[in-house]
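K.L.:
Provided below are the primary sequence and the corresponding predicted coordinates.
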Amino acid sequence: MSPRAVAAEVLVVGGGMAGTIAALAAREAGARVVLVRRAPGATALSSGAVGVAPDPFALPGEPLRAARGPLEAARRLARLRPDHPYAVLGDRLEALPDALAFATRALAPLLAPPLERPRFLATSFGTAVPAALCQRSQAAGDLLAVGGTLVVAGLAGHLGLDAALVAASLERYRARGGPPTFAVEVDAGLGELGLLRPHELARRLEQPGAAEALGAAIRAALPAGAGAVLVAPVLGLRPEAQVPERVAGAAGIAVAELLADVPSMPGVRLQAALEAALAAAGVEVVQGAIQGATGPGAPIAAGATEITAARWVLATGRFVGGGIARRGTLREPALGLPVQAAEGREAGVDLAARPAASLTGAARVGPQPLLSAGLRVDARLRPLDARGRPAAEGLHAAGAVVGGHEHASDGTGLGVAILTGYLAGRAAARPGGGE
Ligand SMILES: Cc1cc2nc3c(=O)[nH]c(=O)nc-3n(C[C@H](O)[C@H](O)[C@H](O)COP(=O)(O)OP(=O)(O)OC[C@H]3O[C@@H](n4cnc5c(N)ncnc54)[C@H](O)[C@@H]3O)c2cc1C
């Protein structure tokens, strides 16, 4: 059977946050867009809250005082980290507020309206992290906005969350503007919970009456002066099941999910919301993988489809998504672009050609060159070849495939994906790939 031929103006490779925002931005600019994706990537593993830029000048242990808006914090970060995509973008970093507003509009059913400052959200380990955007189910947990005691509610018999430990750990933020915390254990009659995994618990809470039972149990356990309740991040898988709303309605108080570790139900919901946004915008999505491509202009096979587009956005992610592969050394499988790494003041393709294990440092919290390896781009997000020249006509890159940031751990991952996706999608939508 001969492949189905599709012609588009823009081909986006990758269906995570970066690829989806790029496709939506190109579509909004009027381009015919096709998006190819192999599978969910890091976006679906994320906590579902968007880290843009933790203020690098915040004092250790005082995260709640670092309440600068995302653009100012990103400018500060760019000044300190010349390899970070925010620095590489130069003046284009100023598009960050537009990009965040665009993403908020595109994902309006899922995301809470942003504040001028980041929200400080609690993790399942009892730490607080700043998020420029978060899901509606997470917003009421903002440590600076809880009016009263923050109650951490664990499910009796479930071993996945130690509410007492989380509450005790969050107490340390109290002297710095956080709320008093209190732990309760609630029995919602949901059956044997023991070692249920997050998706099993989420599905159980979607069943008729289950979310209401949890809400009622929370209501019965609330101490005097409670201002909001934090629960495990398992409030349903399908947004249409409306589990957070049903729990909060029955509890009679604002209820928020803690930020998730892997596997993350809010991450799965974020991925589902991206896919819904693509469908609503009329972006054709092709299931398949691009490999060994020569670049924009030439037809390329993805599954049973052959796509031709003059401009491409490569948004294939890093190690989780598959945009950068580690087979002894580091490589970029879709187009064979040079991967670059930086160690101290040294940077370039030669470093990336070293055995990957040699790019890790013994100090776990120190910079890990392996984890920030990726494509090098110019300020217009054009991938560069080994000599620093644009690698191909009409090619842009966005998201975690772009190196220079430790996307999974430096608090900028989804923020970079949104900004670079937005800029790359708009640039690709214009003839010639320029701006
Ligand atoms: C465990 C974990 C937790 C994280 N938590 C957070 C968080 O809480 N907040 C935050 O801001 N950031 C977080 N990050 C970082 C953030 O998730 C990523 O930086 C961001 O999701 C990257 O988005 P992306 O679209 O570039 O890549 P991905 O989401 O990885 O998407 C890559 C896409 O490309 C596709 N693809 C790859 N190769 C091909 C190919 N050859 N052909 C076709 N398709 C291909 C993949 O199938 C996938 O669809 C976390 C990362 C990890 C790993």
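P.N.:
Great, that's in hand.
K.L.:
confirm residue 185 sits in a helix?
P.N.:
No - membership of residue 185 in a helix is not supported by DSSP: H, G, I helix; E, B strand; the rest coil, which gives strand.
K.L.:
what about it, neighbour count?
P.N.:
Neighbour count of residue 185, defined by other C-beta atoms under 10 Å: 15. Every C-beta, even on glycine, is put in place using the N, C-alpha and C of the backbone.
K.L.:
quick check, it in contact with residue 152.
P.N.:
No - the criterion here is C-beta atoms under 8 Å, and residue 185 misses it with residue 152 at 9.8 Å.
K.L.:
need the three-state assignment for residue 171.
P.N.:
Per three-state DSSP, residue 171 ends up helix.
K.L.:
residues contacting the closest residue in space to it that isn't next to it in sequence?
P.N.:
Leaving aside its sequence neighbours, residue 171 sits nearest to residue 181 (C-beta to C-beta, 6 or more residues apart in numbering; 5.4 Å). Taking C-beta atoms under 8 Å, 6 or more residues apart in numbering, we find residue 181 in contact with 149-152, 167-168, 170-171, 174.
K.L.:
show me which of the residues you listed are buried.
P.N.:
In these, burial by neighbour count holds for 149-152, 167, 170-171, counting by 16 or more other C-beta atoms under 10 Å.
K.L.:
rewinding a little: spit out the residues that contact residue 185 and residue 152 alike.
P.N.:
Joint contacts of residue 185 and residue 152 (C-beta under 8 Å, 6+ apart) are residue 163.
K.L.:
show me the strands in the stretch 1-150 of the chain, by range?
P.N.:
4-13, 33-37, 119-122, 128-131, 149-155 (DSSP state E, counting those that start in this stretch).
K.L.:
now do the stretch 301-435 of the chain
P.N.:
305-314, 325-327, 329-331, 341-343, 346-348, 395-397.
K.L.:
worst average pLDDT in the ones you listed?
P.N.:
For the strands of the stretch 301-435 of the chain, mean pLDDT drops lowest on strand 346-348, to a mean of 77.
K.L.:
that one: how far from the chain's middle?
P.N.:
27 Å (C-alpha atoms, centre = their mean, to the nearest Å).
K.L.:
okay, buried residues for it please.
P.N.:
Across strand 346-348, burial judged by 16+ other C-beta under 10 Å covers residue 347.
K.L.:
same question, stretch 286-295
P.N.:
Those would be 286, 288-290, 293, 295, for stretch 286-295 by 16+ other C-beta under 10 Å.
K.L.:
one more: stretch 12-31?
P.N.:
12-29, 31.
K.L.:
if we look at the ligand, which of those residues are close to it?
P.N.:
Filtering the buried residues of stretch 12-31 for proximity to the ligand (criterion: C-beta under 6 Å from any ligand atom) leaves 13-19.
K.L.:
let me know the closest of those residues to the ligand.
P.N.:
residue 16 (2.2 Å; C-beta to the nearest ligand atom).
K.L.:
my guess is that closest one contacts residue 46. True?
P.N.:
No - contact criterion C-beta under 8 Å: residue 16 and residue 46 do not qualify, at 9.2 Å.
K.L.:
looking at the ones next to the ligand among the buried residues of stretch 12-31, which one is closest to residue 279?
P.N.:
Comparing these against residue 279 with C-beta to C-beta places residue 15 closest, at 11.8 Å.
K.L.:
got the confidence number for the residue of the stretch 51-200 of the chain found nearest the ligand?
P.N.:
Closest contact between the stretch 51-200 of the chain and the ligand, by C-beta to the nearest ligand atom, is at residue 51 (3.4 Å). Here, the pLDDT recorded for residue 51 equals 96.
K.L.:
now do the contacts for it.
P.N.:
Contacts for residue 51 (C-beta under 8 Å, 6+ apart) come out as 129-132, 411-415.
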